[in-house]
Structures are given as C-alpha cells and as structure tokens.
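Student: model this:
(chains A, B, C and D)
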Number of protein chains: 2
Amino acid sequence: MIPQRTLIENPGKIRQKNEKTILDSAEIEFAKYGYEGATIKSIAERAGLPKANIHYYFKSKLDLYAAVLNDILDMWNAAFDGIDIHSNPAHALEHYIRAKVEYSRTHGRASRIFACEMISGAPYLRRYLQNEFHYWVSEKAQVIHHWIRQGLIAPIHPMHLFMMIWGATQYLADAQVQVESLLRKPELAGQDYEAFASDLVTVILKGCGLQSYRKTACLTATESSLEFA
Amino acid sequence: MIPQRTLIENPGKIRQKNEKTILDSAEIEFAKYGYEGATIKSIAERAGLPKANIHYYFKSKLDLYAAVLNDILDMWNAAFDGIDIHSNPAHALEHYIRAKVEYSRTHGRASRIFACEMISGAPYLRRYLQNEFHYWVSEKAQVIHHWIRQGLIAPIHPMHLFMMIWGATQYLADAQVQVESLLRKPELAGQDYEAFASDLVTVILKGCGLQSYRKTACLTATESSLEFA
DNA sequence: GTCTATAGTTAGATAGAC
DNA sequence: GTCTATCTAACTATAGAC
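Tutor: Below you'll find the predicted structure:
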C-alpha cells in the first residue's frame, strides 16, 4: 500500500492550486457569458480539467459562483479598506477616484460580474448590500457630512456623490466595448484610464467647490496618488 | 368553408397585439435574467400564451432578443433625438442630464438589457456602436469642443464628459438594488431621481466651470426642464 | 485525487391536429 | 392562428473504475 505521492509532497497544495485555477477560469467565463451563459464544460476546458473535477472541488455551479463572488468582494475590500478619508477632502477624493479607476482597469472582469449581479437584482449579494456594505458606506458618508458642516466642500447628498463616482468608474469596466468605440481605440491603454481619471477628478473636485490643488495631476497622478494613504 | 372570424374583424390586429405582449414579457425576462437566463417557457407564461406561439411569432430566441433590442434603440432615439444642444451650455447640459435620469427611471428594464449587452461585449450591437452611435456622439462632441474653444466651458475631453453622465445615470437603472440599499428605500420614488438629477447637474455644471443658473433647481426642475427644448 | 461514462433534467424548437 | 405532444441537444450532476 503506497500512499499517494502528491499528498505527501504537497499536503493540500494540489487542492489549493486547482481551486485557484478553477476560480480564475470561472471568473472569465462568468464575466463573458453571465451565470446562466457560462457552463461547467467551458470552465473545465479553460482550466484544463475534466468536467467532473469542477464538481469535486465545488459542489455545484451555484457554489462555484458564490466562491467567485467572494473572491471579488475580498479584492474590493483589500483595495479600498486602506483608504484614509480623514485627510483633506481634495486629497481623499482624488485618491479614492484614482484607486477606483485603477480597479476598473485591473479588475474589469470582477467588476462586470458584480454589475451582472446588481442588474439581476443581487440575488446572492442582497444581504451583503444591506449589511456590511451599507455600514461601510454610511461611515464614509458621515465623513462627507462632516466636511460639509465644516464648510470644506459644497453641500451634496453624500450617497449621490458616491453614486456619481461609482457609476462613472464602473462604466469604464462594464461598458468597455462602448468606451473603446467612443475613443476609437481597439483596446484601452493605461493612458486612457489615467486621462479619464484626471478629468473625473477635476469635475468632481470643482463640482464640490474644491480647487484642483495641482495643475499637472494628469501626468504624475498614478504614482503620486499611492503616497496619499 | 367559413373564413376565420378574427381575420375578417381584425386584419393583422391579433398578430400586432400578440407581438406586443410577447415583446413586453420578453423585455421583463431578459432584464431580470439576461439572455441565457430567460427562457421561452417563462416568457410564454408571462405573456399568457403557450410556448409554441412564441416560436410562431418569432422564429427563434435570438430573433426575439433582436426585436427587443430594436425596441430599446427606438425608445432611446425617440428620447434623445429632439435634444437641441446648440442652446447655451448650462441649459443644454442640464436638459440632457435630466432627460437621461428620467429615461433611467421610466425605462429601467431597457437600460439593464442594454447594460447586459455591453457587459458581454455587445455581440449584437457592435455594428451599431461603431456606426450610427459613434456618429451621433461625435456630432455632440463637436458641440462640446466648440464651447471649449469659445471659452464657454472649461476644457475637458467631450467623451469623458459623456461617460460621466452616462455612467452616473445608467447606474440608477442598472444598480437599482444597490441604490435602494444605499438610500434605505424599499423602492425609489420620483423625488429620489429628481434629487439625484439636481446634484448631478450641479456637480457637472460647476465641474465644467459653469455657474448653476438657478438656485432652486432641485424643486422645480422636472417640469421646467421640459420647456427647454 | 482523477476521469470516463452516464443518469436525469430542461432548454429551444417543431409537427400536426384543431 | 392556436396549442398539445414530442424531438433533439445541451446542461448539471453523479457513480464508480482507476
């Protein structure tokens, strides 16, 4: 009786690696075709595994979808939890907007899966939206309110401000084909994202009664914005 | 041999009525579950017709989807073709933004189907985006450019301006559940849309260096904006 | 832990009586 | 023009040999 070699050499490693491969493939397929449109077969083929293995690692298609959504929420939290919104309004808003645009660029697929989930009424994320997400946003809204009371920014419904930022930045990821068509580019480059981020920052800041505190934001923004936190 | 009564009394009327019923039902199902998620069965049940009748009026599921998309484009054109963007910038932008918000409110389902189509890479609307749509937008972009050259509004990439407006307004329709959760409303009312429209108008106008030309925009906006055209 | 074969279900589409 | 019954294909999921 020889124990299986892989188990001795890589305790749990195979599982870890395969689960990651499957999750990545699933993310691509779900983003491209939606939940119903994606099939276990296509996910398996992309992962280079037989169909049955998908079911071995994830009980059902719904389980796999839930795992993908969880991954997406983790990324989202990792990307935005570190934001210190207590600095001055212009800095904080610019930093947040640029981070969000960058997220749309680097995690377009995740963003599109999230959008599909919203469009279909958030059947799997409803609880999350009403609890964790709502609390997180309410906290940030308090900060905006505080700034308004102190006269630091012009009066605006904080949620409306967030909606503008989210709508505009999500649009980059969700309507990517439309954007490419508008800008007449076969594929969007980093510069395109940066240019949009700069215009969005300008409009939001000026729209909130804040002077853009730097004229050359457009060129050096991505690097320098990392130093704000 | 008695000719069928319905054909004599209502030449083509039955077809017209049933096609409309089916299109309406299909729009609801496609918006809720996406193309793959919606089924002929569910559409037929919603329309109160047997499955086979759907195939009688629309050759295939794809045909039906194309018809729904066509309906949506018709509505879109009807809603925005009349906009005279040659008036002064502040008026024109405010009018357009309010019309777009109103469209998100009254045609949320259409907006969501359109969004799904974009997210999946616009397999059926690619041609439209690259031709009719692109020309229409380019024309409007010329107007923005003209305003900028004349010093009427602050410099901004016209496409970026449109993207901000579309992103923010589409967000209302596409992420409706998220918005409801944010604003803690079980259902959005007309006031919620108007309030958002007013904040969006304010931010965009100020962001473009335009003074809001009316302080009480928030309250009387919807009615008065209809008189701009 | 892997993979072939297949069960069980449901989808889109059609034939043919009325 | 309507509708029941049915076909074919594709999907999710599982059983069981390795």
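Student: What average pLDDT does stretch A:135-143 get?
Tutor: The predicted model assigns stretch A:135-143 a mean pLDDT of 91.
Student: Just the buried positions in that stretch, please.
Tutor: Neighbour counts using 16 or more other C-beta atoms under 10 Å in any protein chain shown place A:V137, A:K140, A:A141 of stretch A:135-143 among the buried residues. No exception for glycine: its C-beta is placed from N, CA and C like everyone else's.
Student: same deal with stretch A:67-79?
Tutor: Buried, per 16+ other C-beta under 10 Å, within stretch A:67-79: A:A67, A:V68, A:L69, A:D71, A:I72, A:L73, A:W76.
Student: what are the C-alpha coordinates of that stretch, in PDB please?
Tutor: C-alpha atoms of stretch A:67-79 as PDB (Å, rounded to 0.1, in the frame of the first residue of the first chain):
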ATOM      1  CA  ALA A  67     -16.900  31.400  -4.400                       C
ATOM      2  CA  VAL A  68     -16.100  33.700  -7.300                       C
ATOM      3  CA  LEU A  69     -18.300  36.500  -5.800                       C
ATOM      4  CA  ASN A  70     -16.500  36.100  -2.500                       C
ATOM      5  CA  ASP A  71     -13.100  36.400  -4.200                       C
ATOM      6  CA  ILE A  72     -14.400  39.600  -5.800                       C
ATOM      7  CA  LEU A  73     -15.600  41.100  -2.500                       C
ATOM      8  CA  ASP A  74     -12.200  40.300  -1.000                       C
ATOM      9  CA  MET A  75     -10.400  42.200  -3.700                       C
ATOM     10  CA  TRP A  76     -12.800  45.100  -3.400                       C
ATOM     11  CA  ASN A  77     -12.200  45.300   0.400                       C
ATOM     12  CA  ALA A  78      -8.500  44.900   0.000                       C
ATOM     13  CA  ALA A  79      -8.400  47.700  -2.500                       C
END
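Student: Any part of that stretch near DNA strand D?
Tutor: No. Stretch A:67-79 lies apart from DNA strand D when judged by C-beta under 7 Å from any atom of the strand; the minimum separation is 12.5 Å.
Student: now that stretch: how far from the chain's centre is it?
Tutor: 8 Å (C-alpha atoms, centre = their mean, to the nearest Å).
Student: which outside residues touch that stretch?
Tutor: Contact with stretch A:67-79 is made by A:23, A:26-27, A:30, A:58, A:99, A:103, A:107, A:110, A:113-114, A:117, A:124-125, A:128, as judged by C-beta atoms under 8 Å, 6 or more residues apart in numbering or on different chains.
Student: Check stretch A:32-46 too.
Tutor: Under C-beta under 8 Å, 6+ apart, the answer for stretch A:32-46 is A:22, A:25-26, A:28-30, A:50-51, A:53-55, A:61, A:64-65, A:116, B:33-37, B:116, B:119-121.
Student: just the buried members of the residues you listed?
Tutor: Of the contacts of stretch A:32-46, these count as buried by 16+ other C-beta under 10 Å: A:22, A:25-26, A:28-30, A:53-54, A:61, A:64-65, A:116, B:33-37, B:116, B:119-120.
Student: Reformat the buried residues of stretch A:67-79 as JSON lines; add pLDDT and secondary structure.
Tutor: JSON lines is the format used below for those (pLDDT from 0 to 100; DSSP: H, G, I helix; E, B strand; the rest coil):
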{"residue": "A:A67", "pLDDT": "97", "secondary structure": "helix"}
{"residue": "A:V68", "pLDDT": "97", "secondary structure": "helix"}
{"residue": "A:L69", "pLDDT": "97", "secondary structure": "helix"}
{"residue": "A:D71", "pLDDT": "94", "secondary structure": "helix"}
{"residue": "A:I72", "pLDDT": "94", "secondary structure": "helix"}
{"residue": "A:L73", "pLDDT": "93", "secondary structure": "helix"}
{"residue": "A:W76", "pLDDT": "83", "secondary structure": "helix"}
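Student: ok, so of those residues, who is nearest A:E180?
Tutor: A:I72 (22.9 Å; C-beta to C-beta).
Student: any idea how chain A splits into domains?
Tutor: A:5-64, A:82-225 (automatic domain parsing).
Student: The longest one close to DNA strand D?
Tutor: No. When contact is scored as C-beta under 7 Å from any atom of the strand, no part of domain A:82-225 falls within range of DNA strand D; the minimum is 14.3 Å.
Student: Figure out how far that domain is from the centre of its chain.
Tutor: On C-alpha atoms, centre = their mean, the centre of domain A:82-225 falls 10 Å from that of its chain.
Student: quick one: buried residues of stretch A:97-110?
Tutor: So for stretch A:97-110, counting by 16+ other C-beta under 10 Å, buried means A:97-105, A:107-110.
Student: Where strands are concerned, which of those residues count?
Tutor: Taking DSSP state E, every one of the buried residues of stretch A:97-110 sits outside strands.
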